[in-house]
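Peer 1: Pasting a predicted model and its sequence here:
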Amino acid sequence: MAPSFNSSDSLYDFVVREGNGVKGLVDLGMLEVPERYIQPSHERINKQDSKPCDVGPIDLSKLNGSEHEKVVDEIVRAAETLGFFQVVNHGVPLELLESLKDAAHSFFNLPPEKKAVYLPGVSPSPKIKYATSFAPEKEKALEWKDYIAMVYSSDEDALQYWPNQCKKVVLEYLKLASKMVRDIVEILIGKLGVEPDLSKIEGLIGLKKVNLNYYPACPNPELTVGAGRHSDVGTLTVLLQDGIGGLYVKVEEENNAGKEQWLEIPPINGALVINIGDTLQILSNGKYKSAEHRVRTSSTQSRVSVPLFTMPTATERIGPLAEVVMKDGLAHYKEVMFQDYMNNFFGNALAGKKSLDFAKINSSV
Ligand SMILES: O=C(O)CCC(=O)C(=O)O
Ligand SMILES: [Fe+2]
């Protein structure tokens, strides 16, 4: 039976406040997306306006061999240009990646009341949040996405509070993927001419959060977005996507007609996607690019993705590294406390790379 909501408020209550999510809406038999999900035309994702990113994945196992420098160059080049790349032989077993995707489906396939126990305000821990859309109270059009976010504090906490459907695999993923993140951050910091000492690197990735994202099949993908345009605020994000596709990254330059250009990051079985966050852009004084990205939904299948966000700890002060500023002759960003940077990000609706304005000194970067 097709559902009817008397008002936009009752739909909002059902989806957001009562925790039914977009999944709950779809399960009611929605044949068209409700008004509240229809994006203004400039935010809609037209498949024809993009092409697949044709850069192959970087083989991280080669970091240990004679091709070390070549692989380092590939990583640095990707960080300086698109801000996105894919990696294989990353140290996370492929079976674990499969289990993660299964775990994400298991969690979101739970009845709504089982997920609603993780809604903000009732969740057993402030570090776990089940929600829908990025900032529903601030957005004119909602994202076609439900998610659960789990901030890591300790193994004990994770095993006690995270949902049974996913806690073991998520914890394992977090540990193994963090090793890879450490290696990549060490390379990127080192290439800025800065001695990458261990405590500095740990400070940059001390805060870790894993999300399970769920994008239900959508009757009108051309009118909606799964995730609106944004950059990630932290240092590096590792992302597992399934085989459905729909992740688009913006190319910095517009084309000759002054139009935005987007590349789709094609799903590669067994690969992980890495993207540069705002923190690395700030630290490198703009040399590394945090990438603006967004997600399109599919009309036939429900997509899952599992990002691991690595970020500085909340009290860490972030700003362009002294060695880089010395070389560049001026700083493009001021120093800010990471907590303040995050509060600004999460306190506003998504707006591409506008998040960086919070730390910007000179608007030319
Ligand atoms: O689902 C995806 O592919 C990307 C998700 C994302 O950008 C995010 O959660 O920050
Ligand atoms: Fe993202």
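Peer 2: Yep, that arrived. Computed from a predicted model, the values in this text were never measured in an experiment. Ligands and ions are numbered 1, 2, ... in the order given.

Peer 1: From what I see, T313 and G206 are in contact.
Peer 2: Yes - applying C-beta atoms under 8 Å, one finds T313 in contact with G206, separated by 3.9 Å. In short, each C-beta sits where N, CA and C put it, glycine included.

Peer 1: so the residue of the stretch 1-150 of the chain found nearest ligand 1 is in which element?
Peer 2: Nearest residue of the stretch 1-150 of the chain to ligand 1 (C-beta to the nearest ligand atom) works out as Y147 at 7.2 Å. Element membership for Y147 (DSSP states H and E) is strand 146-151.

Peer 1: What strands flank the helix or strand hosting F85, and is each parallel or antiparallel?
Peer 2: If you go by DSSP H and E, F85 is part of strand 84-88. Sheet pairing of strand 84-88 (DSSP bridges) gives strand 58-59 (parallel), strand 272-276 (antiparallel).

Peer 1: Can you tell me which residues in the stretch 201-350 of the chain are near ligand 1?
Peer 2: 211, 213, 227, 232, 239, 241, 247, 293, 295, 305, 307 (C-beta under 6 Å from any ligand atom).

Peer 1: Include pLDDT when you put those into CSV, please.
Peer 2: Converted to CSV, those look like this (pLDDT from 0 to 100):
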residue, pLDDT
N211, 98
N213, 98
A227, 97
D232, 97
L239, 98
Q241, 98
L247, 98
H293, 97
V295, 98
S305, 98
P307, 98
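
Peer 1: List the ones among those that fall in strands.
Peer 2: Among those, the members found in strands (DSSP state E) are 211, 213, 227, 239, 241, 247, 293, 295, 305, 307.

Peer 1: of all these, which comes closest to K353?
Peer 2: H293 (10.2 Å; C-beta to C-beta).

Peer 1: And for N164, the neighbour number?
Peer 2: N164 sits with 11 neighbouring residues when counted by other C-beta atoms under 10 Å.

Peer 1: circling back: single out the most deeply packed of the strands paired with strand 84-88.
Peer 2: Highest mean neighbour count among these (mean count of other C-beta atoms under 10 Å): strand 272-276, with a mean of 25.

Peer 1: average pLDDT for the helix or strand just after that strand?
Peer 2: Downstream of strand 272-276, the next assigned helix or strand under DSSP H and E is helix 278-283. Per-residue pLDDT over helix 278-283 has a mean of 97.

Peer 1: Using PDB, write down the CA coordinates of helix 278-283.
Peer 2: Output of helix 278-283 as PDB, limited to C-alpha atoms (Å, rounded to 0.1, in the frame of the first residue of the first chain):
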ATOM      1  CA  ASP A 278      40.200  19.200   4.900                       C
ATOM      2  CA  THR A 279      42.800  18.700   7.700                       C
ATOM      3  CA  LEU A 280      45.500  17.600   5.200                       C
ATOM      4  CA  GLN A 281      44.600  20.400   2.900                       C
ATOM      5  CA  ILE A 282      45.100  22.900   5.800                       C
ATOM      6  CA  LEU A 283      48.300  21.200   7.100                       C
END
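
Peer 1: What helices and strands are in contact with that helix?
Peer 2: Under the contact definition 3 or more C-beta pairs under 8 Å, 6 or more residues apart in numbering; DSSP states H and E, helix 278-283 sits against helix 167-190, strand 317-318, helix 338-346.

Peer 1: Make a markdown table from these and add mean pLDDT and distance to S284 to it.
Peer 2: A markdown table is the format used below for the helices and strands packed on helix 278-283 (pLDDT from 0 to 100; distance: least, C-beta to C-beta, whole Å):
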| stretch | mean pLDDT | distance to S284 |
| --- | --- | --- |
| helix 167-190 | 98 | 8 |
| strand 317-318 | 96 | 11 |
| helix 338-346 | 91 | 16 |
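
Peer 1: closest to Y161 out of these?
Peer 2: Going by C-beta to C-beta, the one of the helices and strands packed on helix 278-283 nearest Y161 is helix 167-190, 8.2 Å.

Peer 1: List the buried residues for that closest one?
Peer 2: 167, 169-171, 173-174, 176-178, 180-185, 187-189 (16 or more other C-beta atoms under 10 Å).

Peer 1: Okay then, goodbye and thanks.
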